[in-house]
Every structure is written in structure tokens, then in C-alpha cells.
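S.K.: could you work out the structure for the sequence below:
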Amino acid sequence: MDDLYDIPSYKCIHQFLRSYLGTTIYNNFESFVKIVMQIARQYKLRPGWRSIFDSTPHESTANDKEASYSGHYEMRGYKEHRLIGGDTDIPLAFKVTTITEYDGNHAQDLLDKALDGDAAIAELWFDQHYASYENLTYYELEKNMKTHYRIAKNWKIDGSIDEAEINRMYQRLFEHQQFLVADHADCSLEFQLKFIWDHSTTDKHRKVVGMFLRNRAHREYQESPKQYLAKQGFRSKIEGGFGVEKSFSILKLVIFRGIKSWKALISIRNFIDLIIAVFRMDLGQKTKLTSWKGIFV
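M.R.: Purely as a prediction, here's the structure:
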């Protein structure tokens with residue numbers, strides 16, 4: 001007679017997924033990304049070279065006391081903030097918060113986590129929610145990344161903030177040891193902007209740096225709207241694909257409550273995406289590496 005084995009209870013499985021596996025993945029995701037980046041380089045791929053910020057709301061149960069209600073999404077639940085490789089769909093970093101958390105508040109943290117995972121990011125695509133003055137400065141001056149984002153209809157160019165004003169603000173900081181004279185070969189406009197950001201003692205002056213960066217993008221849009229918006233097509237195409245994938249997501253088939261459970265579930269989903277990406281790379285695929293079609297759905 002064959003030996004009989006007890007099947008673990010749902011509570012036992014749930015506890016393991018939430019308290020152990022999910023938590024481990026959530027706290028160490030950049031370590032898993034680093035392994036996938038190493039594999040991708042072996043296949044001569046650059047998964048994060050062109051990356052996209054994205055967020056997805058997830059509806060929780062009506063009696064979930066930890067969840068918050070969003071009038072925008074008309075649901076009670078949580079939000080997943082992600083940074084993904086635009087060419088490959090590979091998740092590079094993610095966070096889980098209540099649904100009312102503002103997307104842009106987590107952009108710098110996501111970018112840092114992705115870089116900790118060895119994602120070589122050169123360009124970023126995002127919507128206006130990620131384009132705060134602080135974030136633009138961080139992307140462009142701190143991390144030296146090229147940015148692409150849609151200009152919001154209510155944004156206006158501040159004509160008083162131009163290169164001459166930046167130069168005047170920079171000259172006021174001449175007492176700092178790293179100050180370079182104007183005719184120095186390394187005293188570029190980008191150097192001056194970062195110098196003001198790093199050494200100015202007032203938030204007003206630091207904000208001017210971010211305003212200048214946004215003004216520059218706004219002027220580029222005004223000079224050639226079609227060409228500027230054409231660059232956004234890359235992000236729109238990727239997000240459109242995600243819309244299809246989300247409709248098949250396993251996250252729509254489960255009912256969990258509590259942020260710890262949702263963190264675990266979303267962590268496991270992203271971890272599975274990494275595994276699928278490795279399989280698809282091994283099969284010679286170069287794009288849409290995390291699609292679940294043909295595997296789970």
C-alpha cells in the first residue's frame with residue numbers, strides 16, 4: 001500500500017507564500033534582477049537601456065482595512081509601481097503601496113533599485129506624474145539619463161529661467177572649492193545646473209534647476225510637436241501591450257487583503273516574469289520576454 005501524505009492546508013500555503021517566499025523576493029528583488037541582467041548580456045541584450053515607469057492599480061476586498069479608496073480608479077486597493085525594460089518588458093524594480101500613493105514619489109527609489117540590479121539604463125519614458133522638478137533633476141543630472149515625457153496641458157514656460165539666469169546663479173557660488181571659471185572646458189551648462197543643485201542653500205534655487213530642465217523639454221515640444229510626440233509612441237506601444245497582458249493577469253483571479261499579502265503576491269508574479277524572460281531568451285526571443293501567453297494562459 002502506498003504511503004499517504006497529508007496535503008498542506010490553504011492557511012499553511014498562504015503563510016509560506018506571504019511570510020517567507022513573497023517577503024524574500026520583495027526585499028531582495030534587485031539581486032534576482034542582477035542575475036537576469038548577467039544572463040541577458042550573454043545574449044547581447046540590454047533589457048533596461050530604454051526603460052519605462054508604469055503603475056497598476058489592484059482592487060482588494062471591500063472589508064480590507066489597510067487598503068485605501070481612490071476616486072480616480074473608483075476602487076479600494078493597492079498600487080504597483082514598476083520600472084520595466086521597454087524593449088524586453090523585463091521588470092527591473094517595483095514597489096507596492098496603497099492605491100492613493102502618488103506615482104512620482106517612488107520614481108527615484110525604483111531607479112536606484114534597478115541600478116542596484118545592474119540594469120544599464122540610458123533613457124527613461126514616463127508620463128507627467130513622474131516629471132516633478134526634483135525627479136527631472138535626479139534623472140538627468142544625477143544619473144545622466146535622457147528623458148522622454150508628455151508635456152501636460154497646464155504647464156507653462158517660465159521665460160525668466162534661461163541659460164543667462166542659470167549662469168548668474170552659478171556665478172554666485174564662486175566661493176565653493178569645486179567652482180570652475182566660465183571658460184573652463186568642463187564648465188558646461190549641465191555642470192552649472194548640477195553645481196547649483198548640489199551647492200545652493202535655498203530650495204528656490206534648486207527648483208529653478210528643475211524648471212529649466214522642464215522648460216527645455218517644453219521648448220523642444222513647441223518647436224516640433226509631431227517629432228516630440230513621435231518619441232512617446234515607444235511608451236504608448238509598450239503600455240498598450242501591457243494592457244493586454246494585464247487582462248490575463250493571475251492577479252485578477254485571486255482575492256487577497258492586506259498590503260503584506262499583496263506585496264507577496266505581486267513579488268511572486270514579478271519573479272515569475274523574470275523566470276519566463278530567461279526561458280524566452282534561451283529560445284532566442286528578444287522582445288516581449290515576460291509574456292505569459294502560451295505558458296500560463
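
S.K.: so where's the chain uncertain?
M.R.: Across the chain, the ranges flagged by pLDDT under 70 are 1-17, 236-256, 294-297.

S.K.: show me the helices in it, by range?
M.R.: Using DSSP state H, the helices found in the chain span residues 10-16, 23-42, 107-116, 133-137, 163-171, 189-199, 203-223, 225-247, 259-282.

S.K.: between these, which gets nearest to residue 96?
M.R.: helix 259-282 (4.6 Å; C-beta to C-beta). Backbone N, C-alpha and C define where each C-beta goes, glycine included.

S.K.: so which elements touch that closest one?
M.R.: helix 23-42, strand 75-85, strand 91-98 (3 or more C-beta pairs under 8 Å, 6 or more residues apart in numbering; DSSP states H and E).

S.K.: how about the ones you listed, which one is nearest residue 234?
M.R.: strand 75-85 (12.1 Å).

S.K.: by contact count, what packs against the closest one?
M.R.: strand 50-59, strand 68-70, strand 91-98, helix 107-116, helix 259-282.

S.K.: next, the angle from the third one to helix 107-116.
M.R.: By that I understand strand 91-98. Computed with axes from the mean of the first three to the mean of the last three C-alpha atoms, to 10 degrees, the direction of strand 91-98 lies at 150 degrees from that of helix 107-116.

S.K.: equivalent analysis for the first one, please.
M.R.: Orientation note: strand 50-59 sits at an angle of 120 degrees relative to helix 107-116 (the same axes, to 10 degrees).

S.K.: the closest residue to residue 169 other than its chain neighbours: how many residues sit nearby?
M.R.: Spatially, and ignoring its direct neighbours in sequence, residue 169 is nearest to residue 196 (5.4 Å; C-beta to C-beta, 6 or more residues apart in numbering). Neighbours of residue 196 under the rule other C-beta atoms under 10 Å: 21.

S.K.: what residues does the spatially most central residue of the chain make contact with?
M.R.: Central residue of the chain (C-alpha atoms, centre = their mean): residue 83, 2.9 Å from the mean position. Applying C-beta atoms under 8 Å, 6 or more residues apart in numbering to residue 83 gives the contacts 51-54, 91-94, 110-111, 113-114.

S.K.: go with 6 Å
M.R.: 51, 53, 92-93, 110, 114 (C-beta atoms under 6 Å, 6 or more residues apart in numbering).
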